[in-house]
Structures are given as structure tokens and as C-alpha cells.
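Engineer: got a predicted structure plus its sequence, pasted below:
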Amino acid sequence: MGSIGRYIFRTTFGAFLVVLVSVTTLMWITQALRDIDLMTNEGQGILTFVGLTALIIPLLVMIIAPIAFMVAMAYVLNKLATDSELIVMNAAGMPPWHLFRPFLAVGMVVSLLVLAIAAYVSPRCLRELGQWINDIRADLVTRIVQPGRFVPLQSGALTLHIRERLPNGQLLGIFIDDQRDPKERVTFLAEQGDIRSNAGGTSGTFLLLADGSVQRQQTGDRDPNIVQFDKYAFDLSQLSSGTQTTQKYSSRERYLWELYGQKPDDPSLNDRPEQMRAELHDRIIGPLYPLVIAVLTFAYLGAPRTTRQGRTLSLMSAIAAVAILRGSGFVGLLAGTRVPAALLIPYATLIAALVFGYWGISRGVIIEPPAFIVDAITALMERMAVRTARLTGQTR
């Protein structure tokens, strides 16, 4: 790779990193706002919130990287065309494939990045995310000890409220509403309480209530039964979601080698076999997208042009072609969970795009939309210009 190739490689890779970091950060913020309840409802700190939400970044990178690479390629090729460097290199006799090499090198780097994330990094982070969330939800001491707030547990079937927490850890003004049994509703009121582990020689976590009452009302009865008590041990260990003996992983949490040859009777399988099959094909074709996008984008934008309008139409065509490529891949994988033959759609579109791009680069042709599409776009832009001029008062 000569000096021109190294220059194109550095420029393209730098633009790719800028686009990838910018878009990933934006997407991460939008996803992180959906989990803001970790601080509001679960009582976690800002560091825990940032750490948890950051575990989805590899998944976002895996999805965004091919598109970011296409944007970087379009930027560099448009810059070379604007500075007339494409025309000069073409006039000097440089073959298209020689100019394409640095873009292909960047595409291979992006493909390796996507492959590493798809095979190991993303499943590993998603596993850590799921385990971390389970640990937080299982930490009942952290969840319950939130004075002045009604804390729902077990999908709202159990509600707890604490008026105050003393510096020594003692709880005051305890309210518990238990509706887990559809035949009976139980309400506890206590002046004070303490959270204890292994109370009375038994294993588990208990909330020891003192100086209170328990109200039990059977379904269909109008009057409840109220019993006063001096001490009562309310079992908290049964509320923990972290007592599962077998950790179940979804298809996205599986490593690439675990998706291959998955047994339907695997006790750790959390998704249906058809979902695992679609995920396997998604992991396989994911690293191929940057390479095919490189060929397709260069076929549309790599040929020298002398008019700005031609570059604009070719850029729009390249964006549409990549959108169709990615969209058909998503549709094929989604439909593949019901119709296995639909899993061939992503492979067919990848092969078709690769053949089309290879043909365009080898022939050195300028790929542009058909004449009727160009005429329609030109007419639409003229009408919009006239209407805009009328609205701004530039014409009478």
C-alpha cells in the first residue's frame, strides 16, 4: 500500500471512528434513559447506572459499525471527488481496484471488529448485564430500605413502605400489603422492624416486625380478621429472584460456538430453537456486511464525476442500496423464525450486492438512477424551489 493508500486508509478509519463513537454515544444515551429506574426505583447510584447501561455498548457497536463504515467511505470518496483527486488519479492511469484496496482494508478491520463482538464480547456483556440486574433485584435490603416510598415487588403483588430508617439500621413505620395469594389479602402494620439473616437458626432473610397487627381478608368476605402481635418474622428470602439453580441464557447471550449444534432439551436454553437458529445466521452474516458495503459503496461513488448533481444522485443511490441490503437482512432473519427458507434472503442479497458491485468496479461505469427517476427528482426539486420562493416573497 503506497502513500496514497495509507492516506486513504487513515482518513477512512478516522472518519469511521468518529461516526461510530458519535452514533453509539447517542444510541447509548437513548437506551440508558430507559433504565433510569435503576436509580429511581432500585436505589442504585450513578456509577452502577453507568456501569450497567455501558454493557449494551458492544451490541450497539455491532449494529452500528457497518453503517458507520458506509458513512465514512461516502465522506472520503466525496472529499476526493470534490478536490478533483479522483479525476486526477483516473487520468494518471490508476486502476479502480488499486484505489479500492485501502477501503477494503478498513472494511476487513471493521469485519474483524464485528466478528469479535458477535462471537464473544456482546454475549459476555449481556450475560454480565443480566446477572448484575438479578443481583440488584435480589438485594432486598437495598430495595426495601427506601424511606417514604412505596416499593412494589413481584410484579406489584407485594408492596412495602417504610416511614423512616434510623442510623442503627432499625426501620420505623412499616407497611406491607401482600396480594400474592389470590384467595387472601394480608396487610401488616408495625411500629418498628429489623432485617435479619438466619433468624432463629433458620436460613434466609427475614424482616422482624414488632408492635404491630396483621389483617387477613379472604376473597368474598366483607370483614377482615385482625390480629395484634408483639413480634412477627416476615420471610424475605422467597422474594429473591437470584435463587435459580440453572442460569438460562437467551439467544443473544449465547456465544457463537454455543449457538451451533444447540440441543433443544438444554436446561439453560431460554429461547425456542428457531430463534437460536436465526441468531446463529445473524452472527454469521454480520461480519460480511462491512465487506459487501465496501464493494457496493465504491461501485456507486468510486468512479470520477464532473458534476455535483451526479455525485448527489449516486450518493442517494448508494444509501438506498445499503438500506435495502440491511433491510432485507433484518426481514429475512425475522421471517426465518417461522419460515426457515427465509434465512436464505440475507445470503441472496449479499451475493447479489457483491456481484453487482464487482461488475460496477471492474467496468468502471458510473452507476446512476434511471433517467425517469432523475427527471422526477429534478421536477420535484424545481417545484419545491418555486414554492419556497413564493412563501418567502421572492416572486410575485
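Structural biologist: Happy to help now that I have it.

Engineer: quick one: the nearest residue in space to M89 that is not next to it in sequence from T82, how far?
Structural biologist: Sequence neighbours aside, L99 is the residue nearest to M89 in space, at 6.3 Å (criterion: CB to CB, 6 or more residues apart in numbering). In this view, the C-beta of every residue, glycine as well, is placed from N, C-alpha and C. Distance from L99 to T82, counting by CB to CB, to the nearest Å: 16 Å.

Engineer: these two: which is more packed in?
Structural biologist: L99 (21 against 11; other CB atoms under 10 Å).

Engineer: packing partners of the helix or strand in which A323 is found?
Structural biologist: Assessed by DSSP states H and E, A323 sits inside helix 308-336. When contacts are defined as 3 or more CB pairs under 8 Å, 6 or more residues apart in numbering; DSSP states H and E, helix 308-336 sits against helix 57-82, helix 273-285, helix 288-301, helix 344-363.

Engineer: off-centre distance for the third one?
Structural biologist: In this view, helix 288-301 has its centroid 24 Å away from the chain centroid, taken as CA atoms, centre = their mean, to the nearest Å.

Engineer: can you list the residues that contact it?
Structural biologist: 65-66, 69-70, 73-74, 77-78, 81, 96, 100, 103-104, 106-108, 110-111, 114, 311, 314-315, 317-318, 321-322, 325-326, 329, 350, 353-354, 356-361, 367 (CB atoms under 8 Å, 6 or more residues apart in numbering).

Engineer: list buried members of these by neighbour count.
Structural biologist: Applying 16 or more other CB atoms under 10 Å to the contacts of helix 288-301, the neighbour count classes 65-66, 69-70, 73-74, 77-78, 81, 96, 100, 103-104, 106-107, 110-111, 114, 311, 314-315, 317-318, 321-322, 325-326, 329, 350, 353-354, 356-357, 360-361, 367 as buried.

Engineer: what does stretch 162-176 contact?
Structural biologist: In contact with stretch 162-176 (CB under 8 Å, 6+ apart) are residues 144-149, 158-161, 186-195, 207, 209, 212, 234.

Engineer: so which of those residues belong to strands?
Structural biologist: 158-161, 186-195, 207, 209, 212, 234 (DSSP state E).

Engineer: now a PyMOL select for only the buried ones of these.
Structural biologist: This is the PyMOL syntax for the buried subset of the ones in strands among the contacts of stretch 162-176, where burial follows 16+ other CB under 10 Å:
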select buried, resi 158+159+160+161+186+187+188+189+190+192+193+195+207+209+212+234
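
Engineer: got the phi and psi for D178?
Structural biologist: Backbone torsions for D178, taken as degrees, to the nearest 10, come to phi -110, psi 110.

Engineer: thought it was touching Q154?
Structural biologist: No. At 9.5 Å, D178 does not count as touching Q154 under the criterion of CB atoms under 8 Å.

Engineer: so which of the two has more stuff around it?
Structural biologist: D178 (19 against 13).

Engineer: what pLDDT does the model give the closest residue to that one other than its chain neighbours?
Structural biologist: For D178, ignoring the flanking residues on the chain, the nearest one in space by CB to CB, 6+ apart is V186 at 4.3 Å. We note a pLDDT of 91 for V186 in this prediction.

Engineer: just the one 10 residues further on next, same as before
Structural biologist: Here, the pLDDT recorded for R196 equals 78.

Engineer: that one: how many residues sit nearby?
Structural biologist: 14.

Engineer: that older thread, out of the helices and strands packed on helix 308-336, which one sits most buried?
Structural biologist: helix 288-301 (a mean of 24; mean count of other CB atoms under 10 Å).

Engineer: how about it as PDB, C-alpha atoms only?
Structural biologist: Output in PDB follows, covering the C-alpha atoms of helix 288-301 (Å, rounded to 0.1, in the frame of the first residue of the first chain):
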ATOM      1  CA  LEU A 288     -19.800 -10.000   6.000                       C
ATOM      2  CA  TYR A 289     -21.800  -6.700   5.700                       C
ATOM      3  CA  PRO A 290     -18.800  -4.300   6.000                       C
ATOM      4  CA  LEU A 291     -17.000  -6.100   3.100                       C
ATOM      5  CA  VAL A 292     -20.100  -6.100   0.900                       C
ATOM      6  CA  ILE A 293     -20.900  -2.500   1.800                       C
ATOM      7  CA  ALA A 294     -17.300  -1.500   0.900                       C
ATOM      8  CA  VAL A 295     -17.800  -3.000  -2.600                       C
ATOM      9  CA  LEU A 296     -21.300  -1.600  -3.100                       C
ATOM     10  CA  THR A 297     -20.400   1.900  -1.900                       C
ATOM     11  CA  PHE A 298     -17.300   2.100  -4.000                       C
ATOM     12  CA  ALA A 299     -19.200   0.900  -7.100                       C
ATOM     13  CA  TYR A 300     -21.600   3.900  -6.700                       C
ATOM     14  CA  LEU A 301     -19.100   6.600  -5.600                       C
END
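
Engineer: cheers, nothing more for now.
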